[in-house]
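Participant: my questions are about this predicted structure, shown below with the sequence.
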Amino acid sequence: MQKKMNKDRANEEFVRAVSSSVHDRLVHVIQSFPILDEQPPFYRDTVEALFGIEELKKALGSVGWAAMHTKRMGWEHGGARIRWAEDTAAVRKRAVARIASIVHQIDDDLRFLNEARNVLRKLPDIREDEFTVVIAGYPNVGKSSFINRVSSAEPEVASYPFTTKGVIVGHRYEGRKRIQFVDTPGLLNRPEEERNPIEEQAISAIIHTANLVVFILDPSEYCGYPIEDQRHLLETIQARVEVPIIIVANKADLGAVSEAEFSMSAQTGKGVKEVLKAVLSHYREPAPRPDEGAPEEETEDRPTVEGGEPGLRSSR
C-alpha cells in the first residue's frame, strides 16, 4: 500500500514538474521580447519592416495561450484527479501527452519568434538623447567608407550593391559631445510598396532619428546608378524630412564634376574634414521626446499567461 502511495505521489509530482517547467519556459519566451508599443519609433518601424508587429503579437499571444493551458494541465492532472485515480501512471502519460500536444500546436510560432529574437537582439542601439547624423544615398556611393572615417563604426565595405546589410551606428566624440552616426542601407529610387525590409529600415532611420542628413551623391556613376536617379532620391528625402540636409559629392578622385555643396573622396580622405566640419556646425542638444514625462498608459501588447483571457491564437 505504501509503495503504491509513493508511486502515485511521484506521478503527481512529475506532472506538476513538467507543467511548471514548460510553462516557465514559454513565459520566458514572451518576456524575452520588449513591449513593442513602448519602444522608440525607429525600433517599432524596423520590427514592422522585418517581421510585422501584428504577426509578432499574434505569435506571442499563441505562446501566452499555450503557457496558460500548460499550467492548467498541472493544476488539473497534478492534483486531485491523479491523486485519486486508480492508475496514476496512465493519467501521468495522458497529461504529458496533452502538454506536448499544446506545445506542438505553437511550433510554428515558436520558430518564428526564435528567428525574430535572433535578429532583433542584433539591432543597433540608436539613442534618442544624442545628436544623430544619418548618412543616406544610393548603394555603393561611399556611405560606409565615409562613416568609417569619421566615427567608431567599422562597417564591411565591398564593391557590390547593398554592401550595408543593416543599420550601422558609429560614434564620434568632440570634447564632451558625443555624435551618433547612422549608416543606412542603400536606398533605391522606387515606390515605397516596392522597397525591401532593408530599405524600410533606412527610411525609418532617416525619418525618426535624424537631426541632420548627409546625402552622398556619386556623380561619376561608378556606383551603377545614373546621377539623375540619385537626384530624384534626394528630392524624395527632402520632401520627407524636416531636418537640415548636407549634400556631398563623393569620388572626387575620379574627376567627376557636381553641383553639390561639398566634394570629397571617402576613399583617399580628401575633403572629408570639410564635410565633418559642416556636420559639426549643425550640432545642437537633441530636444526631449514629445511624450517625455507623460503618464504611462496600459498596453495590451504582452499576452496574458496566467488567468484572464488568453492571447490570440495564431494559425501560422
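Facilitator: Happy to help now that I have it.
Participant: okay, CA-based contacts and neighbour counts for the rest of this
Facilitator: OK.
Participant: pick out the residue closest to the middle of the chain.
Facilitator: Nearest to the mean C-alpha position of the chain, by C-alpha atoms, centre = their mean, lies Leu120 at 4.1 Å.
Participant: now do the same contact list for it.
Facilitator: Val47 (C-alpha atoms under 8 Å, 6 or more residues apart in numbering).
Participant: try it again at 10 Å.
Facilitator: Phe33, Tyr43, Thr46, Val47, Leu50, Phe51, Asn114 (C-alpha atoms under 10 Å, 6 or more residues apart in numbering).
Participant: so which helix or strand takes in the last one?
Facilitator: The reference is to Asn114. According to DSSP states H and E, Asn114 maps onto helix 107-120.
Participant: would you say His171 is within a strand?
Facilitator: Yes. The assignment for His171 (DSSP: H, G, I helix; E, B strand; the rest coil) places it in a strand.
Participant: where does the protein dip in pLDDT?
Facilitator: 1-6, 78-86, 153-165, 256-257, 287-316 (pLDDT under 70).
Participant: run through the helices of it in chain order.
Facilitator: Under the criterion DSSP state H, the chain contains helices at 2-31, 41-50, 53-77, 80-83, 88-105, 107-120, 143-150, 197-209, 227-240, 272-281.
Participant: could I get these as JSON lines with distance to Leu217?
Facilitator: Shown next, in JSON lines, are those (distance: least, C-alpha to C-alpha, whole Å):
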{"stretch": "helix 2-31", "distance to Leu217": "44"}
{"stretch": "helix 41-50", "distance to Leu217": "25"}
{"stretch": "helix 53-77", "distance to Leu217": "34"}
{"stretch": "helix 80-83", "distance to Leu217": "73"}
{"stretch": "helix 88-105", "distance to Leu217": "51"}
{"stretch": "helix 107-120", "distance to Leu217": "30"}
{"stretch": "helix 143-150", "distance to Leu217": "9"}
{"stretch": "helix 197-209", "distance to Leu217": "16"}
{"stretch": "helix 227-240", "distance to Leu217": "7"}
{"stretch": "helix 272-281", "distance to Leu217": "13"}
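Participant: for Glu128, which of those helices is the nearest?
Facilitator: helix 197-209 (7.0 Å; C-alpha to C-alpha).
Participant: wait, isn't Asp24 in contact with Arg16?
Facilitator: No. Counting by C-alpha atoms under 10 Å, Asp24 does not reach Arg16; the two are 11.9 Å apart.
Participant: got any residues that touch both of those two?
Facilitator: By C-alpha under 10 Å, 6+ apart, the residues touching both Asp24 and Arg16 are Thr70, Lys71.
Participant: would you mark the buried spots in the helix holding Asn114?
Facilitator: Going by neighbour count (16 or more other C-alpha atoms under 10 Å), the buried part of helix 107-120 is Asp108, Asp109, Leu110, Phe112, Leu113, Ala116, Leu120.
Participant: among the contacts of Leu120, which one lies nearest to Ala95?
Facilitator: Asn114 (26.4 Å).
Participant: ok, now which ones touch that closest one?
Facilitator: Going by C-alpha under 10 Å, 6+ apart, the list of residues near Asn114 reads Val29, Asp108, Leu120.
Participant: in JSON lines, list the residues you listed along with distance to Val96.
Facilitator: Formatted as JSON lines, the contacts of Asn114 follow (distance: C-alpha to C-alpha, whole Å):
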{"residue": "Val29", "distance to Val96": "20"}
{"residue": "Asp108", "distance to Val96": "20"}
{"residue": "Leu120", "distance to Val96": "33"}
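Participant: Asp24 and Arg16: which has the busier surroundings?
Facilitator: Arg16 (24 against 16; other C-alpha atoms under 10 Å).
Participant: excluding its backbone neighbours, what's nearest the more buried one?
Facilitator: Leaving out its chain neighbours, the residue that sits closest to Arg16 by C-alpha to C-alpha, 6 or more residues apart in numbering is Gly74, at 4.8 Å.
Participant: could you do Ser32 as well?
Facilitator: Arg117 (7.9 Å).
Participant: any idea how far Phe215 is from that neighbour?
Facilitator: Using C-alpha to C-alpha, to the nearest Å, Arg117 is found at 32 Å from Phe215.
Participant: equivalent analysis for Ala278, please.
Facilitator: 13 Å.
Participant: any common contacting residues for those two?
Facilitator: Common neighbours of Ala278 and Phe215 (C-alpha under 10 Å, 6+ apart) are Ile246.
Participant: so for these two, which sits in the more crowded spot?
Facilitator: Phe215 (25 against 14).
Participant: any idea how many residues pack against the closest residue to Lys251 other than its chain neighbours?
Facilitator: Using C-alpha to C-alpha, 6+ apart and skipping residues adjacent in sequence, the residue nearest Lys251 is Ser265, 4.6 Å away. Number of residues near Ser265 (other C-alpha under 10 Å) recorded here: 19.
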